[in-house]
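Undergrad: here you go, sequence then predicted model.
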Amino acid sequence: MVSEEQQHSSDENNAFRGGSDSSQIKEVRLVQPDRRQLSWTMLDVERLVDEDHPVRAIWDLAGRLDLSFFSAAIGSLEGAAGRPAYDPRLLISLWIYACSRGIGSAREVERRCEHDPAFRWLTGLLVINHHTLSIFAWRTAMLWTHCSRKCLAC
């Protein structure tokens, strides 16, 4: 509850006195943020990162790798029931980029996919669950280690 003294002080702060005539008091109009609103925003994903951003180089590099080993292990097939799998190129690129930034936590990578422009560009605005990221890294640990060392040495 606002006391009468606080209200009077607030009224004085929000008032503008025009000239010497006290009858010309006007309320100040202010734009206040409304954080309860929902918003639809148009976003050009390609413009999230510059053309020379390191994440683009990592994406290109992962595209030149032979990832047939990863693809052979995917059980999600066209015409069959089930959810499609994430592209191994995407998962490898995410981990390489994360490691290049000193991030080794799948939960942190998931958070970055929601907010960090480079991760958002890389995923095309998908947010990949930390469990998926962890399982991918765990199941492919040896090959992943070999592949990431090879990539980071380039």
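TA: Sure, I can see it.

Undergrad: residue ranges with poor pLDDT in the protein?
TA: Under the criterion pLDDT under 70, the flagged ranges of the chain are 1-23, 142-154.

Undergrad: need the strands for it, in chain order.
TA: Along the chain, counting by DSSP state E, strands occupy 15-17, 25-27.

Undergrad: pull the distance from stretch 29-40 to the chain's centre.
TA: Its chain's C-alpha centre and that of stretch 29-40 lie 22 Å apart, by CA atoms, centre = their mean, to the nearest Å.

Undergrad: can you give the domain ranges for this structure?
TA: Domains of the chain are assigned by automatic domain parsing as 1-30, 45-74+84-153.

Undergrad: save those as CSV, and put in distance to Ser39 and mean neighbour count too.
TA: All C-beta atoms are positioned from the backbone trio N, CA, C, and that covers glycine. Formatted as CSV, the domains of the chain follow (distance: least, CB to CB, whole Å; neighbours: other CB atoms under 10 Å):
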stretch, distance to Ser39, mean neighbour count
domain 1-30, 20, 9
domain 45-74+84-153, 15, 16
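
Undergrad: export those to CSV and tack on distance to Arg36?
TA: Listed next are those as CSV, based on distance: least, CB to CB, whole Å:
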stretch, distance to Arg36
domain 1-30, 17
domain 45-74+84-153, 20
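
Undergrad: distance check, the nearest residue in space to Trp121 that is not next to it in sequence against Ser76.
TA: Distances taken as CB to CB, 6 or more residues apart in numbering put Leu48 closest to Trp121, at 4.2 Å, once the chain neighbours are dropped. As judged by CB to CB, to the nearest Å, Leu48 and Ser76 stand 28 Å apart.

Undergrad: cool, and Ile128?
TA: To Ser76, Ile128 is 15 Å away according to CB to CB.
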